[in-house]
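**Student:** Sharing a model prediction with you, sequence too.
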Amino acid sequence: MAATPEHVRQAAAAVRDADRDRLVARLRTECTEGRITLDQFSDLVGEVFAADTREELDRVVAVIPPVPLAPAAALADPVAPAATPSAAARAARAIRARRWMVAVFGEVSNRGRYKLDEPSAAVAVFGECTVDLSDATIDGEEAVIHAVAVFGDVTVIVPEGIDVVLEGLAFFGTRRCDVTAQPLPGSPVVVVRAFACFGDVRVRSPRTRSGGRS
């Protein structure tokens, strides 16, 4: 049997735009259903668009958490009682939802793994609030944060490549978005609704100008 020509093998291993689009759509679903964090979405989509071969795409697929399968009995009988939640489902629900952060004459920082499943609020009155969304998960295609700074500062840290919308009002204060990276295809949206009165509301990337993480 004649060997397959090298150019044919290379063509078969090459990544098509349709392959990338399908994987990005899957990553978007994983993100908006809370199975991967915003930072993971940003990193993995970046790897998808940097991939030149199917092997490189397969490495991205390998790190996506598997979706828990429904028991066979539940699939066969749609009216059967709900099965006991899987360990993965229980773990997902165990991630704390955080909706309020308040700093009055003090400093509050919200970091680590948590979920945004409803609009959240960060309020700084003569204080400072930092909301770091790097390891956060969301439930839906949009996360809303109300940022109120009265003689204080609210900083919202959003991973690079995540779509950001900054709305609101600044009265003798400032509101600014220092996220300069273009949103990645399929990115969920983080909406920051700001009110700054003699205060500052800022949205920024977790990466410093030197390229490291802050």
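**Tutor:** Nice, thanks for sending it over.
**Student:** Any regions of this structure where pLDDT drops low?
**Tutor:** 1-14, 67-98, 207-214 (pLDDT under 70).
**Student:** all strands for it, in order.
**Tutor:** 100-104, 107-110, 114-116, 120-125, 128-132, 136-138, 142-150, 153-157, 163-171, 174-177, 189-197, 200-204 (DSSP state E).
**Student:** Parallel or antiparallel, which strands does the last one pair with?
**Tutor:** Partner strands for strand 200-204, per DSSP bridges, with pairing direction: strand 153-157 (parallel), strand 174-177 (parallel).
**Student:** Chain neighbours aside, what residue packs nearest to the residue sitting nearest the centre point of the chain?
**Tutor:** With distances taken as Cα atoms, centre = their mean, L38 lies nearest the centre of the chain, 1.8 Å away. Take L38 and drop its neighbours on the chain: the residue closest to it by Cβ to Cβ, 6 or more residues apart in numbering is P159, 4.9 Å away. Where you see a C-beta, it was placed from the backbone N, CA and C, and this is true even at glycine.
**Student:** Need phi/psi at the one you found.
**Tutor:** phi -60, psi 150 (degrees, to the nearest 10).
**Student:** related to what we said a few turns ago, in a markdown table: the strands paired with strand 200-204, plus mean neighbour count.
**Tutor:** Listed next are the strands paired with strand 200-204 as a markdown table, based on neighbours: other Cβ atoms under 10 Å:
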| stretch | mean neighbour count |
| --- | --- |
| strand 153-157 | 24 |
| strand 174-177 | 17 |
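**Student:** Which one, of the ones you listed, ends up nearest to V45?
**Tutor:** strand 153-157 (18.5 Å; Cβ to Cβ).
**Student:** That closest one vs strand 163-171, what angle?
**Tutor:** Angle of strand 153-157 versus strand 163-171, following axes from the mean of the first three to the mean of the last three Cα atoms, to 10 degrees, is 170 degrees.
**Student:** Pull the residues that contact strand 153-157.
**Tutor:** 122-124, 127-134, 145, 147-148, 190, 192, 194, 196, 199-206, 214 (Cβ atoms under 8 Å, 6 or more residues apart in numbering).
**Student:** let's see it at 7 Å
**Tutor:** Applying Cβ atoms under 7 Å, 6 or more residues apart in numbering, the external contacts of strand 153-157 come out as 122, 124, 128-134, 145, 147, 192, 199-204, 206.
**Student:** so how far is it from its chain's centroid?
**Tutor:** 17 Å (Cα atoms, centre = their mean, to the nearest Å).
**Student:** can I get the CA coordinates of that strand in PDB?
**Tutor:** The C-alpha trace of strand 153-157 is given here as PDB (Å, rounded to 0.1, in the frame of the first residue of the first chain):
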ATOM      1  CA  ASP A 153     -12.800  53.300  45.300                       C
ATOM      2  CA  VAL A 154     -14.200  50.200  43.600                       C
ATOM      3  CA  THR A 155     -12.000  48.200  41.300                       C
ATOM      4  CA  VAL A 156     -13.400  45.300  39.200                       C
ATOM      5  CA  ILE A 157     -10.700  43.000  37.700                       C
END
